[in-house]
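>>> Build me a model from this:
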Amino acid sequence: MPTPPGHAPRPVIRLAAVGTGLAGVAVVCWAVGMTRWQPLTEPAGPWSERLPGAHTYWARDLRFLALVAVVSGLVLAGGGRRSWALPAVLLGGAALAADVAVDRADPTGPGATVLLVAAGWLAVGITATLGVRRDAQTGVDGPIHRATGADPGNPPGGAGVAAPDSRGGPAARHRAGVAGRDRTMLTGMAIVAAVSALVAVLTRSPTDREPALGPATLVTGLLLLTLTVAGALAAVSGRGRARSAAGCALAAVGGVGLLLVRLVGPADRLLPAAVLGAVLLVGVTSLTRPGPDAVPAWRRYAVLVPVTLVAPLALWYVALLVSAAFPLGASLTALAGNSPVGGGDPDVLPALAGLCAGLGTALLLTRPLPGVTRRPAAPPRCAAGTTASTAGRTGRTGSPPTGSGRRR
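Just a heads-up that it's a prediction; the model follows:
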């Protein structure tokens, strides 16, 4: 049944609801991290014997990861389109500045938590409204684009065939997506969320024995894992039961993996986290693969597995070294009114380093890897069996002409 003009299809409405809902959950995590977890990390005063050291402000890292989840949820809600992604990124930058200001005020208690949640939900709602209005201004029925490259004369659900991409390459077809979704953006968002989930479970404190640390890291990691699977499934064209089952299996394996990584000692978490990251990233790239490849599966994974095993944590460590070289963490600590990190330890920002590592990994995995070249997809066919290019040359659209017949 064709979708009436002025209405969005149900799957797209469902995607917008899931994305904004996950962004709202991330706001709750951020608020709890500010009012409940942050006071646990702050010394009683400058005279305290427990002076800040490395990994003292673990609650700040989890709050920053929650903000990454907020932005990822809004990108997911908009199907990866720029009309949603740009306001979401701007909201993330504004939320980072607001985090520092609120941290300086030291809010505590249930009342402050409710107030911060309400303010965060309002910001998410305003950002989503801007995305919907931008879609409406660009000729979109609700939070969805019409098919990329579609003939303007064909209404939604019509018999016409979308015009092929002039560039014709597999990357262009992968980016065009389905129902206006930017599949490359959604895949990149899923990869960033996967790497951020690894950073969440690797978050530690000086003693690693705080009662709230383990549950806080698991909640944040599971939220980012949910965004990973949701983004990967949203980037799939023509998703069937097999890929949906594969997404559920990836979520289950990832959830168990996050728990197992937390059960390992802090000094031994790096290797299991790298293995878990490889599993998540290989699962994301397998789910979002648009079609059959021109190379055997063993050759594809022979290239993909080493990259996913090494690249995320290697980029994370490089970003940590850069963060230690520049006083960004110390500046944020001072602006928030917290005690500076002492003892010769660098004040690094693992969450922001994880964001940089996720973006770098996304750039690697959303491009064709060496030796892994996708086979060009077959051109779309009309209802009558002709290809779109043939239909464009002959004028056939797959629908028989009305009111015409053979002249006798």
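>>> Please name the residues that touch the closest residue to residue 82 other than its chain neighbours.
What sits nearest to residue 82 in space, not counting adjacent residues and going by C-beta to C-beta, 6 or more residues apart in numbering, is residue 182, at 7.6 Å. No exception for glycine: its C-beta is placed from N, CA and C like everyone else's. The neighbourhood of residue 182, defined by C-beta atoms under 8 Å, 6 or more residues apart in numbering, consists of 79, 80, 81, 82, 85, 175.
>>> Look up how far residue 288 lies from residue 182.
Separation of residue 182 from residue 288 (C-beta to C-beta, to the nearest Å): 12 Å.
>>> Could you do residue 62 as well?
With distances taken as C-beta to C-beta, residue 62 is found 28 Å from residue 288.
>>> For stretch 324-337, buried residues please.
Judged by neighbour count using 16 or more other C-beta atoms under 10 Å, the buried positions of stretch 324-337 are 324, 329, 332, 333, 336.
>>> Identify the spatial nearest neighbour of the first one, chain neighbours not counted.
Using C-beta to C-beta, 6+ apart and skipping residues adjacent in sequence, the residue nearest residue 324 is residue 346, 3.9 Å away.
>>> Just the buried positions in the helix or strand harbouring residue 310, please.
Per DSSP states H and E: residue 310 is located in helix 297-325. In terms of neighbour count (16+ other C-beta under 10 Å), helix 297-325 has its buried residues at 300, 304, 307-309, 311-313, 315-316, 319-320, 323-324.
>>> Mind putting the residues you listed into a markdown table with pLDDT and distance to residue 246?
What follows is those, written out as a markdown table (pLDDT from 0 to 100; distance: C-beta to C-beta, whole Å):
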| residue | pLDDT | distance to residue 246 |
| --- | --- | --- |
| 300 | 71 | 16 |
| 304 | 86 | 16 |
| 307 | 90 | 20 |
| 308 | 92 | 17 |
| 309 | 91 | 20 |
| 311 | 92 | 23 |
| 312 | 94 | 21 |
| 313 | 92 | 25 |
| 315 | 95 | 26 |
| 316 | 94 | 27 |
| 319 | 93 | 31 |
| 320 | 91 | 33 |
| 323 | 85 | 36 |
| 324 | 84 | 39 |
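>>> out of those residues, who's nearest residue 360?
residue 315 (4.5 Å; C-beta to C-beta).
>>> Could you find the closest non-adjacent residue to that closest one?
Nearest one to residue 315, counting by C-beta to C-beta, 6+ apart, is residue 357 at 3.8 Å.
>>> Let me know whether the one you found touches residue 321 as I believe.
No - the criterion here is C-beta atoms under 8 Å, and residue 357 misses it with residue 321 at 11.8 Å.
>>> Where does the prediction get shaky in the stretch 201-350 of the chain?
237-239, 290-299, 343-344 (pLDDT under 70).
>>> thinking again about what came up before, quickly name whichever of the buried residues of stretch 324-337 is closest to residue 19.
residue 332 (28.1 Å).
>>> number of nearby residues for residue 265?
The number of residues packed near residue 265 is 7, by other C-beta atoms under 10 Å.
>>> nope, residue 252 is what I meant
11.
>>> In terms of helix, strand or coil, where does it fall?
helix (DSSP: H, G, I helix; E, B strand; the rest coil).
>>> ok, it to residue 225 distance?
Separation of residue 252 from residue 225 (C-beta to C-beta): 10 Å.
>>> cool, residue 210 as well?
As judged by C-beta to C-beta, residue 210 and residue 225 stand 22 Å apart.
>>> The two: which has the busier surroundings?
Using other C-beta under 10 Å as the criterion, residue 210 and residue 225 rank with residue 225 on top: 26 against 17.
>>> Who are the packing partners of the helix or strand harbouring residue 276?
Secondary structure assignment for residue 276, by DSSP H and E: helix 270-287. Helices and strands touching helix 270-287, as assessed by 3 or more C-beta pairs under 8 Å, 6 or more residues apart in numbering; DSSP states H and E, comprise helix 183-202, helix 213-234, helix 241-263, helix 297-325, helix 350-365.
>>> Among those, which comes closest to residue 123?
Set against residue 123 and scored by C-beta to C-beta, these come closest in helix 213-234, at 17.7 Å.
>>> Now do that closest one: distance to the chain's middle.
Its chain's C-alpha centre and that of helix 213-234 lie 10 Å apart, by C-alpha atoms, centre = their mean, to the nearest Å.
>>> got the buried residues for it?
In helix 213-234, counting by 16+ other C-beta under 10 Å, buried: 213-214, 216-234.
>>> what angle sits between it and helix 241-263?
Interaxial angle of helix 213-234 relative to helix 241-263 (axes from the mean of the first three to the mean of the last three C-alpha atoms, to 10 degrees): 160 degrees.
>>> Just the CA trace of helix 213-234, in PDB.
The C-alpha coordinates for helix 213-234 follow below in PDB (Å, rounded to 0.1, in the frame of the first residue of the first chain):
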ATOM      1  CA  LEU A 213      32.000   2.200  38.900                       C
ATOM      2  CA  GLY A 214      31.200  -1.300  37.500                       C
ATOM      3  CA  PRO A 215      27.400  -0.700  37.000                       C
ATOM      4  CA  ALA A 216      28.000   2.800  35.600                       C
ATOM      5  CA  THR A 217      30.500   1.500  33.000                       C
ATOM      6  CA  LEU A 218      28.200  -1.400  32.000                       C
ATOM      7  CA  VAL A 219      25.100   0.800  31.700                       C
ATOM      8  CA  THR A 220      27.000   3.200  29.500                       C
ATOM      9  CA  GLY A 221      28.600   0.400  27.400                       C
ATOM     10  CA  LEU A 222      25.200  -1.400  26.900                       C
ATOM     11  CA  LEU A 223      23.600   1.900  25.700                       C
ATOM     12  CA  LEU A 224      26.400   2.400  23.200                       C
ATOM     13  CA  LEU A 225      26.100  -1.200  22.100                       C
ATOM     14  CA  THR A 226      22.400  -0.800  21.500                       C
ATOM     15  CA  LEU A 227      23.200   2.300  19.300                       C
ATOM     16  CA  THR A 228      25.800   0.200  17.500                       C
ATOM     17  CA  VAL A 229      23.300  -2.600  16.500                       C
ATOM     18  CA  ALA A 230      20.500  -0.100  15.800                       C
ATOM     19  CA  GLY A 231      22.700   1.900  13.500                       C
ATOM     20  CA  ALA A 232      24.000  -1.100  11.700                       C
ATOM     21  CA  LEU A 233      20.500  -2.500  11.100                       C
ATOM     22  CA  ALA A 234      19.200   1.000  10.000                       C
END
